[in-house]
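Take this sequence and fold it.
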Amino acid sequence: MAPHPAIDPDSSLWAWLAHDLRFYREKYGLSQSAMGRIIGRSATNLSNCEANRRRITDKEAKLLDARFKTGGHFLRLLHFAQLGHDPNWLKQYVHLERRAKVAKTFQALVIPGLLQIPEYAYAVIKAGDNPNVEERMEERMQRQAILDDPSCPVLWALTTESVLEWPVGGRDVMRRQLAHLLDMSERDNVNIRVVPKSTGAYAGLSGSFSIISGDTGAVAYTDSPGGGRLVPATAEVESYANRYDRIGQVALPTGLSRQMIEKVMEAL
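Below is the predicted model:
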């Protein structure tokens with residue numbers, strides 16, 4: 001197995017966890033295959049965990065704690081890593097997004113990133129006082145390439161009537177953004193639905209989030225003040241999936257959503 005770059009345990013809780021996986025393995029003279037057998041992973045899979053490209057589960061943390069008699073170190077560290085903001089979340093998210101089979105997103109404040117035109121994305125990123133607006137915008141546009149890939153994921157996007165009406169970047173930009181939504185909604189792998197303002201209080205008022213799923217399971221991402229966090233824990237991901245379904249129950253069907261987009265676009 002080729003060695004991977006050293007992980008800086010001070011950069012994040014997830015990095016600390018990845019560092020300690022390798023530290024304990026080497027401390028006890030175990031190969032990656034032997035360490036993998038303890039938690040039921042292959043050597044390659046374990047290597048990805050040590051490189052902070054994949055995450056261990058609660059069950060695996062408990063197995064490590066029992067094997068090395070840590071007093072609960074791995075489970076405790078995993079718990080706090082799951083609760084905290086990961087400064088490297090975007091890199092992790094994009095890595096998983098590229099391998100996703102299904103991507104579900106609910107955006108209460110802006111058009112979903114995978115569906116933004118460059119001018120709209122620029123206005124959103126600039127409004128957030130980001131010092132690298134052009135770089136961030138380019139990264140966002142590059143992410144959209146997954147929708148053109150032969151093995152592209154199915155994108156289920158929920159947004160709100162208020163998002164459609166908010167003229168981000170000006171009226172001309174917003175008209176072109178809405179026209180782009182209509183074009184994208186005609187693709188077989190893209191479904192766009194809108195929650196009307198007449199709905200009143202609903203499950204989406206607690207904030208935006210996304211869920212991506214593939215061969216390695218599902219992961220959620222949730223926005224929060226000052227950043228966001230990835231949610232790999234199965235039980236918590238299921239709670240986001242349940243919330244997504246509840247929001248979907250009050251969203252307009254695809255055809256009526258397209259009609260609403262057209263109506264708002266004509267009114268701009």
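
Would you check the distance separating stretch 187-200 from the middle of the chain?
Mean-position distance between stretch 187-200 and its chain equals 19 Å (CA atoms, centre = their mean, to the nearest Å).

go on, stretch 133-144?
With CA atoms, centre = their mean, you get 16 Å for stretch 133-144.

Convert it to PDB, retaining C-alpha atoms only.
Extracted C-alpha coordinates of stretch 133-144, given in PDB (Å, rounded to 0.1, in the frame of the first residue of the first chain):
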ATOM      1  CA  VAL A 133     -14.900  35.300  -5.400                       C
ATOM      2  CA  GLU A 134     -13.700  34.300  -8.800                       C
ATOM      3  CA  GLU A 135     -12.000  31.200  -7.500                       C
ATOM      4  CA  ARG A 136     -15.000  30.100  -5.600                       C
ATOM      5  CA  MET A 137     -17.300  30.700  -8.500                       C
ATOM      6  CA  GLU A 138     -15.100  28.700 -10.900                       C
ATOM      7  CA  GLU A 139     -15.100  25.800  -8.400                       C
ATOM      8  CA  ARG A 140     -18.900  25.900  -8.300                       C
ATOM      9  CA  MET A 141     -19.100  25.800 -12.100                       C
ATOM     10  CA  GLN A 142     -16.700  22.900 -12.300                       C
ATOM     11  CA  ARG A 143     -18.900  20.900  -9.800                       C
ATOM     12  CA  GLN A 144     -21.800  21.200 -12.200                       C
END
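
mind checking how far the nearest residue to residue 209 once chain neighbours are set aside is from residue 153?
Spatial nearest neighbour of residue 209, excluding adjacent residues (CB to CB, 6 or more residues apart in numbering): residue 222 at 4.4 Å. No exception for glycine: its C-beta is placed from N, CA and C like everyone else's. Separation of residue 222 from residue 153 (CB to CB, to the nearest Å): 19 Å.

Tell me which of these two has more neighbours.
residue 153 (22 against 16; other CB atoms under 10 Å).

From what I see, the more buried one and residue 101 are in contact.
Yes: contact criterion CB atoms under 8 Å: residue 153 and residue 101 qualify, at 5.5 Å.

Touching the strand or helix carrying residue 74 from outside, list them.
Assessed by DSSP states H and E, residue 74 sits inside helix 73-83. With contact meaning CB atoms under 8 Å, 6 or more residues apart in numbering, helix 73-83 is reached by 12-14, 16-17, 20, 56, 58, 61-62, 64-65, 229, 231-233, 236.

redo that, cut-off 6 Å
Applying CB atoms under 6 Å, 6 or more residues apart in numbering, the contact partners of helix 73-83 are 13-14, 17, 61-62, 64-65, 233.

Check stretch 14-25 too.
Contact with stretch 14-25 is made by 7-9, 35, 49-50, 52, 68, 77, 81, 86, as judged by CB under 6 Å, 6+ apart.

Same question for the residue positioned nearest the centre of the chain, what's its three-state structure.
Among the residues of the chain, the one closest to the centroid is residue 221, at 4.0 Å (CA atoms, centre = their mean). Here residue 221 is recorded as strand under DSSP: H, G, I helix; E, B strand; the rest coil.

Quick check: which helices or strands does the helix or strand containing residue 59 pack against?
Assigned by DSSP H and E, residue 59 belongs to helix 58-68. Under the contact criterion of 3 or more CB pairs under 6 Å, 6 or more residues apart in numbering; DSSP states H and E, helix 58-68 touches helix 32-39, helix 73-83.

Number of residues surrounding the closest residue to residue 33 other than its chain neighbours?
Spatial nearest neighbour of residue 33, chain neighbours left out: residue 43 (4.3 Å); criterion: CB to CB, 6+ apart. Close neighbours of residue 43, defined as other CB under 10 Å, add up to 15.

swap in residue 169?
By the criterion of other CB under 10 Å, residue 169 has 21 neighbours.

ranges for the strands of the stretch 1-150 of the chain?
For the stretch 1-150 of the chain, strands defined by DSSP state E, counting those that start in this stretch occupy the ranges 102-106.
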